[in-house]
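K.L.:
take this sequence and fold it.
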Amino acid sequence: MKKQTPSTKQSEIKHEWHMIDLKDQVLGRVSTDIAHKLMGKGKSNFVRNLDCGDYVVVTNAKEIKVTGKKEQNKMYYRHSGYPGGFKAESLRELRARKPEEVIRHAVKGMLPQNRLRDRMLKRLFIFAGEEHTYADKFKSKKEEVIS
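P.N.:
Residues are numbered from 1 along each chain as shown. Alright, predicted model coming up:
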C-alpha cells in the first residue's frame, strides 16, 4: 500500500511576523531575503500555488547601501500613459523623495509574476526610519511571561 504525502491546504498555513533592519545592508542581498520570506519558501509546507508567505516589517529604508556607482547610474522609469508622460529618476532622487519605494521596487522584481504577487506585497510594510506601528507583533516571550 502506497502512502501519499498530504497536500497543504490554505487553512493549515500560519503566517508569522519578521522584522528586518536595513541599516548599512546592501539593497540586492536583503531584497532576496525579504522576497524569500514573503513567498514562504523556507517553510516545510511550501507550495507554489498557495499564499504561504509571512508578514515582513522593514525599518530604516533610508539607510540602505548600494555598491558601485548605482547611486548615480541606476534609473527608475515610469510612464503615465499620456504623450510626453515618460519620467526617469535616479536612485539618489527616488531615495530622497520616497525611500520605501526603492525597497518595494527591488522586492517586487524578485517575486513571481503571477496572481499571488499583489497579495504577497500587501504583507510587506516598509518604514523609512526606526519607528513602526507593528510593535505589538514583536513582543518578546519574556515580557509576556513576566506581565
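K.L.:
tell me the contacts of G42?
P.N.:
With contact taken as Cβ atoms under 8 Å, 6 or more residues apart in numbering, G42 is in contact with H36. (Glycine included, C-beta is placed from N, CA and C.)
K.L.:
element containing it?
P.N.:
Following DSSP states H and E, there is no helix or strand that holds G42.
K.L.:
then G84?
P.N.:
Here G84 is assigned to no helix or strand, by DSSP H and E.
K.L.:
verify the stated contact: W17 with Y134.
P.N.:
Yes - under the criterion of Cβ atoms under 8 Å, W17 makes contact with Y134 at 7.2 Å.
K.L.:
give me the neighbour count for the nearest residue to V30 once chain neighbours are set aside.
P.N.:
Once flanking residues are discounted, V30 sits nearest to L22: 6.0 Å by Cβ to Cβ, 6 or more residues apart in numbering. Using other Cβ atoms under 10 Å, L22 is surrounded by 23 other residues.
K.L.:
so who does L22 touch?
P.N.:
Going by Cβ under 8 Å, 6+ apart, the list of residues near L22 reads V30, V58, T59, N60, A61, E63, I64, I103.
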